[in-house]
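# Pasting the sequence and the predicted coordinates here, then a few questions.
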Amino acid sequence: MTSFFLCHNPVGVLPKGCVCYVYHSGKPRFLAGMLKIEPAGPYQELDYTGYNVLFRYVAGDGIEQVYLLLVAQNIDRATTKLTLALQEAAEWYVACLSKADVKKYNKNSQWSFFSDYNILTPSVQVVHLKIIDKYLLSYPDGVKTFDNMKMMEQFMRQSLGHTDIQLEVGNHNVIDRSTFHK
């Protein structure tokens, strides 16, 4: 596995929702913020531009967590290899979490990337946060929160250039109330 590093500034304050930064020293070099999405608490609307990877992590205690790894600095200005490197960084971060979970809960954790909306919209994921009834759209160049499906589909047509055929049928990844702490 390539070299990833957790970055914490002991005198700085991380932005709200950001748990750490991940730096990749290999090619492509990048610095990405790891945001923990917690819809059970006061939810912060997301509207970021940049390459990103969205994934779920189920700790040894069975509590589901949603993370967003979002590029803050694309040092090498990479495009094609960046998504794969972000996926590797997510896998590395999960391995770090998992080691602590096994010690704490004596049970292995699970994790996965969210499935794409459909085969006509690769690298586009829709997550329905049922606990607050919001939709989270992750696409190659950003991530954004919507109040309803209609607004999200309108954005997908107007801003992302998707057609009615591409949006006709799609998969929503659902995060339910029962999987989060209150």
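Yep, it's here.
# in the strand ranked longest in the chain, what counts as buried?
Within the chain, and with DSSP state E defining each element, the longest strand by residue count is strand 64-73. For strand 64-73, burial by neighbour count (16 or more other Cβ atoms under 10 Å) applies to Glu64, Gln65, Val66, Tyr67, Leu68, Leu69, Leu70, Val71. No exception for glycine: its C-beta is placed from N, CA and C like everyone else's.
# Quick one: list the elements packing against it.
Using 3 or more Cβ pairs under 8 Å, 6 or more residues apart in numbering; DSSP states H and E, the elements in contact with strand 64-73 are strand 30-37, strand 52-58, helix 82-105.
# Export only the CA atoms of stretch 20-37, formatted as CSV.
Written as CSV, here are the backbone C-alpha positions of stretch 20-37 (Å, rounded to 0.1, in the frame of the first residue of the first chain):
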residue,chain,number,x,y,z
CYS,A,20,-8.5,14.8,10.3
TYR,A,21,-6.5,15.4,7.1
VAL,A,22,-5.0,12.6,5.1
TYR,A,23,-1.8,13.3,3.1
HIS,A,24,-0.6,11.0,0.3
SER,A,25,3.1,11.3,-0.4
GLY,A,26,3.2,9.1,-3.5
LYS,A,27,1.9,10.0,-6.9
PRO,A,28,-0.6,11.6,-7.1
ARG,A,29,0.2,13.8,-4.1
PHE,A,30,-2.8,15.3,-2.3
LEU,A,31,-4.1,16.5,1.0
ALA,A,32,-7.7,15.6,1.8
GLY,A,33,-10.1,16.4,4.6
MET,A,34,-11.9,13.5,6.3
LEU,A,35,-15.4,14.6,7.2
LYS,A,36,-17.7,12.6,9.4
ILE,A,37,-21.3,13.1,8.3
